[in-house]
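> Sequence and predicted structure below; questions after.
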There are 2 protein chains.
Amino acid sequence: MSDADPGLLPARLGYLLKHAHLRFAEASAQALAPLGIDGRELAVLAVLAADVPLSQQEAAKRLGIDRTTMVAMVDVLEAKGLAERRRSPEDRRKNIVQLTAHGQEVLRKAEDVRVDAERRFLAPLPSDEAETLLRALRTLAISG
Amino acid sequence: MSDADPGLLPARLGYLLKHAHLRFAEASAQALAPLGIDGRELAVLAVLAADVPLSQQEAAKRLGIDRTTMVAMVDVLEAKGLAERRRSPEDRRKNIVQLTAHGQEVLRKAEDVRVDAERRFLAPLPSDEAETLLRALRTLAISG
DNA sequence: CAGTGATAATCAGCTTAACTGATAATCAGC
DNA sequence: GCTGATTATCAGTTAAGCTGATTATCACTG
């Protein structure tokens, strides 16, 4: 979606949140493209890298995404050789999903890329304003 | 999409922007529901209420949405009796879209509802923080 | 004033990201 | 060993947006 003419819209909170997100998502996607993943895949990789190995449904819950969406995400991560399913020995209904060595490597690089993309995206703001933005978003996004 | 467990995610800008937007969109949709419109329709109504009458494509540009999306939006607004198409006398390719009396009435009420929904959504923030948030979002969303 | 190219609205169809609901395998408790 | 819950999966649906083609109209050029 392209950007609107400036007019009455900049006053609308919904518009601002939506377009700030769209802009960041685009910047982030561009930055991650050389690594062959997108922002959603990075988020899944990061969650799967938790100290404790997670089943698909546990990982989905941590990410706030649907169980069926997680199936598709793991499908693509597996196809890219970044993660692997294996049946849990204790509960054979569960798939434990773990990063491959390659997946860990990509995650490491991708986190650097993400941090840098966030820094660049926030660069137009004075640093105290950027901090306040993050704090406010945390309040609003996380059961605020 | 439901919310995630708090964990490493709150640090991620993309996650915060996305979920802040989702939360507000939901609150806004609920608040507007009694008026029979959603946030996108309200935005279109507001743009169409501009002093100068607009063609579909002009309105679409101001909103930053696609021309074909605007066709569908005007379809539903017309079906709800909130707006009307008429051929422009000067350029018969263009549809001038104008609010009906009912559309203006709904717009007036809906703007009050929106302002109130924004106020309530931002209520968890100290007021200086809310102001900074809006300023920062404006910078980031509008060609920042 | 006929012909050519651009522009406005529309339509059909595609894409993406999410969802719901159903199914098969497995587990836990009685 | 049954019965009911839970896991992953699949099929199909929804929503918002897009692209590309079509039709009508306009503006310009010769």
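Right, received. Where do you want to start? Computed from a predicted structure; not experimentally measured.

> residues from chain A in reach of DNA strand D?
For chain A, the residues found near DNA strand D under the criterion C-beta under 7 Å from any atom of the strand are A:1-2, A:55-58, A:67-68, A:71, A:74-75, A:85, A:91, A:93-95. Placement of C-beta: from N, CA and C, glycine included.

> between these, which has the most around it?
Top of these by neighbour number is A:Val74, holding 21 neighbours under the definition other C-beta atoms under 10 Å in any protein chain shown.

> Check it and give its pLDDT.
At A:Val74, the model reports a pLDDT of 98.

> try the one 4 residues further on
At A:Glu78, the model reports a pLDDT of 97.

> so it makes contact with A:Arg85?
Yes. In this structure, A:Glu78 sits in contact with A:Arg85. The criterion is C-beta atoms under 8 Å, and the distance is 6.4 Å.

> picking that back up, tell me, which of the residues of chain A next to DNA strand D make contact with DNA strand C?
Of the residues of chain A next to DNA strand D, the ones that also sit near DNA strand C (C-beta under 7 Å from any atom of the strand) are A:Thr68, A:Asp91, A:Arg93.

> of these, closest to A:Thr132?
Within these, the smallest distance to A:Thr132 is 37.3 Å, found for A:Thr68 (C-beta to C-beta).

> low-scoring pLDDT stretches of chain A, where are they?
For chain A, residues meeting the criterion pLDDT under 70 lie at A:1-10, A:143-144.

> in it, what residue is nearest DNA strand C?
Among the residues of chain A, A:Asp66 lies nearest to DNA strand C; the distance is 2.6 Å by C-beta to the nearest atom of the strand.

> And the host helix or strand of A:Glu118, what does it pack against?
A:Glu118 is part of helix A:101-122 when elements are defined by DSSP states H and E. For helix A:101-122, the elements it packs on are helix A:13-32, helix A:39-48, helix B:13-32, judged by 3 or more C-beta pairs under 8 Å, 6 or more residues apart in numbering or on different chains; DSSP states H and E.

> So which other helices or strands are in contact with the last one?
It refers to helix B:13-32. Helices and strands touching helix B:13-32, by 3+ C-beta pairs under 8 Å, 6+ apart, are helix A:13-32, helix A:39-48, helix A:101-122, helix A:127-141, helix B:39-48, helix B:101-122.
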